[in-house]
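> Quick one: sequence plus predicted model below, questions after.
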Amino acid sequence: MNQKRLFLLLVIFLSLSAFAQNSSTDFTYSNLKLSSNSFNGKITATVIVTNSGNVAGKEVVQLSLSSSADSLDKLSEELIAFSKTNLLQPGKSQTITFTINNNDLASFDTQRSSWIAEAGKYTVKVGSSSGKVSLSAAFTLANDIVLERERKVSPPQEQMENKSSNATGTIIELNDFAQAAR
């Protein structure tokens, strides 16, 4: 995940966590189901949320993901998605559905300059916050998936060293570059 996306997810997560703790009723989670035990491009997770309190209310449901794969730098647990229930009367339930795709599993591999979904066991957790996980389920990714290969934006070092240090040549190259960019 890029830093901007990670920061945005963290801000959303903290905001939702604060909101969820101020709920005026109670909710229970049940029947977490994954569409498959093995990942093949995407998995759907469904959970039933029930208002178990005495007043009507809405619940923000969060889905996070953790992985046993550890060769790449990644968070121990990452917020992947969230959803808000409709206004639920006491005793009423709603099924919430989430979709987990390749990008949700990916981490950047600096050695391969690529976004990789690492093979391993992944645990899906649902609850009102990371501190209030109600249910979990697991699936397996059999093989690494290379999602996107990054391109190098600068030439290799040896090409840079072979460039002339002639100031006039450098200015001409910059002017050529500026004209091509127009």
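Ah, there it is. Residues are numbered from 1 along each chain as shown.

> can you count the residues close to residue 149?
Per other C-beta atoms under 10 Å, the neighbour tally for residue 149 reads 11. Every C-beta, even on glycine, is put in place using the N, C-alpha and C of the backbone.

> wait, I meant residue 33
When counting by other C-beta under 10 Å, one arrives at 13 neighbours for residue 33.

> Equivalent analysis for residue 113, please.
For residue 113, the number of neighbouring residues by other C-beta under 10 Å comes to 12.

> Verify the contact between it and residue 149 for me.
Yes - look at residue 113 against residue 149 with C-beta atoms under 8 Å: they come within range, at 6.3 Å.

> any idea how far residue 28 is from residue 92?
Separation of residue 92 from residue 28 (C-beta to C-beta, to the nearest Å) stands at 12 Å.

> swap in residue 77?
Distance, residue 77 to residue 28, by C-beta to C-beta: 22 Å.

> Tell me which stretches of the protein form helices.
3-21, 102-105, 157-162, 167-181 (DSSP state H).

> Name the residues of the second one that are buried.
Meaning helix 102-105. 102, 104, 105 (16 or more other C-beta atoms under 10 Å).

> now stretch 106-122
For stretch 106-122, burial by neighbour count (16+ other C-beta under 10 Å) applies to 106, 107, 108, 109, 114, 115, 116, 117, 118, 119, 120, 122.

> what about that stretch, how long is it end to end?
Stretch 106-122 has an end-to-end distance of 12 Å (criterion: C-alpha to C-alpha, to the nearest Å).

> So, low pLDDT: which residues of this protein?
Within the chain, the ranges that satisfy pLDDT under 70 run 1-23, 69-71, 73, 75, 150-182.

> If we use 90, what do you get?
1-24, 66-78, 105-120, 129-134, 144-182 (pLDDT under 90).

> can you give me the strands in it?
27-34, 42-51, 60-67, 78-84, 93-101, 106-109, 114-117, 120-129, 132-141, 145-149 (DSSP state E).

> Please name every helix or strand in contact with the last one.
So that's strand 145-149. helix 102-105, strand 114-117 (3 or more C-beta pairs under 8 Å, 6 or more residues apart in numbering; DSSP states H and E).

> Neighbouring strands - and their directions - for that strand?
Paired neighbours of strand 145-149 in the sheet (DSSP bridges): strand 114-117 (antiparallel).
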